[in-house]
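# What shape does this take:
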Amino acid sequence: MAVTICQVMGFVLGTLGMAAAIAATAMDQWSTEDLFDNPVTSVYSYWGLWRSCVRQSSGFTECRPYFTILGLPGLFQAVRALMIVGIVIGAIAVLIAIFALKCIKMGSMEDNMKANMTLTSGIMLILAGICVVAGASIFANFVVSSFMMTTFSTTEFGGMEINLYTFGAALFVGWVGGGVLAVGGIMMCVACKGLQPEKTRFNTVPYKAPSHYTMYKSEDRQRPVASDYKVRSEDGRRSNQRFDYV
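Prediction:
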């Protein structure tokens, strides 16, 4: 019972983590404009992995996608790749986990097969979580570096107004989603041990080595042939007369 609960909880956490990873990848608020020094502004800008957006005080929002790939920074493209790889691996892991659930009967599938599928799903969920967390962390490092460089430039040139960008909501969603994926994968790996059969039974006959005093009966004794059968006479003596039986 505990193994089934652990497996189901791992599957649920993996599904929730996948949903969070997909939501974080699709969100536009990976980096938002810092309004600490200027809380009242008519234009508020933010950008994500696929497009940048500008929102005006009237409520009108305009988004513009990135029309180039080669012109983007290398770290930016690495974050894209990590998020996509994490989503693909996580989706495959969740699909495998569905068929590996102990509460679902799939024909004559044995427990040993389900245990291997559960372990595979758990490892893939952990890898997906690592990819998602790594992608969000790389983007956060990129934002911190840009923030520090912008702050230095503002101080250097007499406090000229330059937009500062800080962490967006998508980063936190990505971190939480990656952590949930990793926890779900660990629970699936723990459940794998309980799904394996304790002992494999074989229907065989036990082998007993022959002892030193074992006697064997020979069955090679010659049986009397009908043509050579000798008939006893009336007085009990053997007769040399032979009878051929047809």
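
# in the protein, which spans are helices?
For the chain, the helices defined by DSSP state H occupy 2-26, 74-100, 111-156, 169-195.

# Would you format those helices as a markdown table with distance to C53, mean pLDDT and mean neighbour count included?
C-beta: built from backbone N, CA, C; applies to glycine. Shown next, in a markdown table, are the helices of the chain (distance: least, C-beta to C-beta, whole Å; pLDDT from 0 to 100; neighbours: other C-beta atoms under 10 Å):
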| stretch | distance to C53 | mean pLDDT | mean neighbour count |
| --- | --- | --- | --- |
| helix 2-26 | 13 | 90 | 20 |
| helix 74-100 | 16 | 91 | 18 |
| helix 111-156 | 16 | 81 | 19 |
| helix 169-195 | 12 | 89 | 22 |
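
# out of these, which comes closest to C63?
With respect to C63, and counting by C-beta to C-beta, the nearest of the helices of the chain is helix 2-26 at 12.5 Å.

# Show the secondary-structure elements that that closest one is packed against.
In terms of contacts (3 or more C-beta pairs under 8 Å, 6 or more residues apart in numbering; DSSP states H and E), helix 2-26 is packed against helix 74-100, helix 111-156, helix 169-195.

# Switch the ones you listed over to CSV; also include distance to F67.
CSV is the format used below for those (distance: least, C-beta to C-beta, whole Å):
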stretch, distance to F67
helix 74-100, 14
helix 111-156, 20
helix 169-195, 21
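
# mind checking which of the ones you listed is nearest C6?
That would be helix 169-195 among the helices and strands packed on helix 2-26, by C-beta to C-beta, at 4.3 Å.

# picking that back up, for S45, find the nearest of the helices and strands packed on helix 2-26.
helix 111-156 (13.4 Å).

# Figure out which of the helices and strands packed on helix 2-26 is closest to L13.
helix 169-195 (3.3 Å).

# tell me what that closest one is packed against?
Secondary-structure packing of helix 169-195 (3+ C-beta pairs under 8 Å, 6+ apart): helix 2-26, helix 74-100, helix 111-156.

# report the angle between the axes of it and helix 74-100?
Between helix 169-195 and helix 74-100, the angle comes out at 30 degrees (axes from the mean of the first three to the mean of the last three C-alpha atoms, to 10 degrees).

# Specify the angle between helix 169-195 and helix 111-156 in degrees.
Going by the same axes, to 10 degrees, helix 169-195 makes 160 degrees with helix 111-156.

# end to end, how far does stretch 33-50 reach?
Stretch 33-50 has an end-to-end distance of 17 Å (C-alpha to C-alpha, to the nearest Å).

# quick revisit: mind checking the helices and strands packed on helix 2-26 for the one nearest to G59?
Nearest to G59, of all the helices and strands packed on helix 2-26, is helix 169-195, at 18.8 Å by C-beta to C-beta.

# Just put the helices and strands packed on helix 169-195 in a markdown table and tack on distance to W47.
Compiled in a markdown table, those are given as follows (distance: least, C-beta to C-beta, whole Å):
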| stretch | distance to W47 |
| --- | --- |
| helix 2-26 | 14 |
| helix 74-100 | 10 |
| helix 111-156 | 10 |
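
# I am finished for the moment; much appreciated.
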